[in-house]
Every structure is written in structure tokens, then in C-alpha cells.
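S.K.: pasting the sequence and the predicted model now:
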Amino acid sequence: MSVVVRVSILRCKPEDFAQLREMMMAALAPLEPGIGKMPGFVHFYAGADEASSSLSNVSIWTSFETAKQLDTYQPMLDLGREFVAKGANFERPVMNYTTLWEMPK
């Protein structure tokens, strides 16, 4: 099955990382109910890399069109503004990768 991998990267100053990491951990609660019901949604990961002062959202979708739903998902947009207010810088545009191959476990 070919899927789309959506990747959003947030970078910040090292001194802002701990607070933004906590905010990312708390973001599951407002995002999960709506994203989990979206057509084409497969999986979602949030990650943190303290060494690079960055956080990531990586989600898996059945198509480019379904992945693009997050571009207008209001709870995601609202949280994005909160992150920016606390020092986050988002890489733009958000990347939506069509898969070239897959390595099963």
C-alpha cells in the first residue's frame, strides 16, 4: 500500500525546548479526537530531539489529499499559534512525501 508521510518540524532555542516539549506532550489530548476520525488517517507520531532543539509531527495518510486535511484543522492551527508564542519556529511548507518504498519488519 502506498501512503503519504506528512512531516512537520518545529525548531527552537535550547532554553525553550523543555517547555515546548511539554506542550507537545499535552497536544495529544486536543488533537486525537478529530484527527483519529479523519478519512485516510493511518498513524501519528510526535517526537523530540533535544540535541537539535527540535520537535516533529509525523503522520501517515492514505493519500496526499487526506494528508492535507491538517492544513485547515483548527485545533492544529490554534496549537501552532501557541507554540509560536512560546518561541517555536516551524519549517514551512509542511512536507507531504509520497512513499517510494517500504521496509516491513
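M.R.: Noted; the coordinates are in hand. Numbering: from 1, shown residues only.
S.K.: quick one: mean pLDDT over stretch 21-34.
M.R.: The average pLDDT for stretch 21-34 rounds to 98.
S.K.: list the buried residues for that stretch?
M.R.: Buried residues in stretch 21-34, counted by 16 or more other CB atoms under 10 Å: 21, 23, 24, 27, 31. Using the backbone N, CA and C atoms, a C-beta is placed for each residue, glycine as well.
S.K.: excluding chain neighbours, what is closest to the fourth one?
M.R.: For residue 27, the nearest residue in space outside its immediate sequence neighbours is residue 79; the separation is 5.5 Å by CB to CB, 6 or more residues apart in numbering.
S.K.: my guess is the one you found meets residue 31, correct?
M.R.: Yes: judged on CB atoms under 8 Å, residue 79 makes contact with residue 31 at a distance of 7.2 Å.
S.K.: what does residue 20 show for phi and psi?
M.R.: Backbone geometry at residue 20, expressed as degrees, to the nearest 10, gives phi -70, psi -30.
S.K.: this protein: helices as residue ranges?
M.R.: 17-26, 28-35, 64-67, 74-85 (DSSP state H).
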